[in-house]
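Undergrad: based on what follows, work out the 3D shape:
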Amino acid sequence: MVRYMLNKFVFFFLAMFVLSSITFILMKAIPGDPFISEKAVPPDVKARLLAQYGLDKPLFIQYTTYLTNLLSGDLGISMKLANRAVVDFIRDSFPLSLRLGIAAIFTSVIIGVTLGMTAAFRHRKLMDSTAMVIAVLGVSVPSFVMAAILQWLFAVRIPMFNVVGLVQAKDYVLPTLALSAMPIAYIARLTRSNMLEVLHSDYIKTARAKGLNSWTIMRRHVLRNGILPVVTFLGPLTANVITGSFIIEQIFGIGGLGKIYVQSIGNRDYSLIMGITIFYGLILMTARLLTDIAYGFIDPRIKLGKRKEGAA
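TA: Here you go, the predicted structure:
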């Protein structure tokens, strides 16, 4: 377990270094600079601005300064929005995005697993067909289209929820459903296929032959083994929810970090773009690490330190 954890942490820091470097290179590869606007900036003013943010220095110096600041937790200062620190934007805006993301993840897992289990236990029956139709619709309809449909149906035609903002608890319902529609579909299909495989396994037939009731079989054998692919999917699910929240926050007028991220791209705010990208990368890599660890604890058959040595 210790060796496995060390390998994961090494990969974690290596991935963060690569992400930081690629982000810096891509920002510098964009033509122009953050101070280009419709109104021409006097050359002397532009020179002072470039010097203030260190953009007049050689790229190697900028790169080393950038990495040194990252190691100390300094993500820089916004070049467009009142000279505020990037950390301040994250501290003020991320809680909204976090609450929305957690709600979407829990909704995706609970509804997706429930639909998948129902379809598996009612294989080739009405419930199976209904669950799979819902899954196909969830995969086929993009999140921004789903958001528009939900707004039109439940905020305009049937005024049950607000169109924009997160003022009350019920305001989370529409953006959460729009954000979790596609993950629900994937989890439902994944759970169904794996549950069907487990239900037709020899050890399930043996358990039934020994006289175990259906609830005991499901709790001890089917659910634990059938849920493993869903645990593996939690890492990509986190990535999907976080990246999908950029659009959803824009549509629903939520002042979360995703909305600020989109605005920073339009403003060419290098510091804010790179800082939020690194922050999101940290979240995604942490989610992947926790997913791998959870997978190992759930399935004791996995030898964390020697997954492939026995096969060799």
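Undergrad: when you work out contacts or count neighbours from here on, use the C-alpha atoms and nothing else.
TA: Fine.
Undergrad: quick one: the helices in the stretch 51-200 of the chain?
TA: Ranges of helices in the stretch 51-200 of the chain, per DSSP state H, counting those that start in this stretch, are 59-71, 86-121, 126-140, 143-151, 173-199.
Undergrad: pick the most deeply packed of the ones you listed.
TA: Most buried of the helices of the stretch 51-200 of the chain, by mean neighbour count (mean count of other C-alpha atoms under 10 Å): helix 173-199, with a mean of 24.
Undergrad: continuing past it, what's the next helix or strand?
TA: Once helix 173-199 ends, the next helix or strand along the chain (criterion: DSSP states H and E) is helix 202-209.
Undergrad: by how many degrees do that next one and helix 173-199 diverge?
TA: Interaxial angle of helix 202-209 relative to helix 173-199 (axes from the mean of the first three to the mean of the last three C-alpha atoms, to 10 degrees): 80 degrees.
Undergrad: for the stretch 1-150 of the chain, what are the low-confidence residue spans?
TA: By pLDDT under 70, the weakly predicted segments of the stretch 1-150 of the chain are 1-2, 4, 32-33, 36-41, 82.
Undergrad: mind listing what Leu59 touches?
TA: Under the criterion of C-alpha atoms under 8 Å, 6 or more residues apart in numbering, Leu59 has no neighbours.
Undergrad: and if you look at the one 10 residues further on?
TA: Asn69 makes contact with Leu75, Gly76 under the criterion C-alpha under 8 Å, 6+ apart.
Undergrad: hang on, the earlier thing: redo the helices of the stretch 51-200 of the chain as JSON lines? Include distance to Leu212.
TA: Shown next, in JSON lines, are these (distance: least, C-alpha to C-alpha, whole Å):
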{"stretch": "helix 59-71", "distance to Leu212": "56"}
{"stretch": "helix 86-121", "distance to Leu212": "17"}
{"stretch": "helix 126-140", "distance to Leu212": "25"}
{"stretch": "helix 143-151", "distance to Leu212": "43"}
{"stretch": "helix 173-199", "distance to Leu212": "14"}
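Undergrad: which of these sits closest to Leu257?
TA: Closest approach to Leu257 among these is made by helix 86-121 (4.9 Å; C-alpha to C-alpha).
Undergrad: now that closest one, how far from the centre of its chain.
TA: Distance, stretch centre to chain centre, for helix 86-121: 9 Å (C-alpha atoms, centre = their mean, to the nearest Å).
Undergrad: picking that back up, to Ile242, which of the helices of the stretch 51-200 of the chain lies closest?
TA: For Ile242, the closest of the helices of the stretch 51-200 of the chain is helix 86-121, at 6.6 Å, according to C-alpha to C-alpha.
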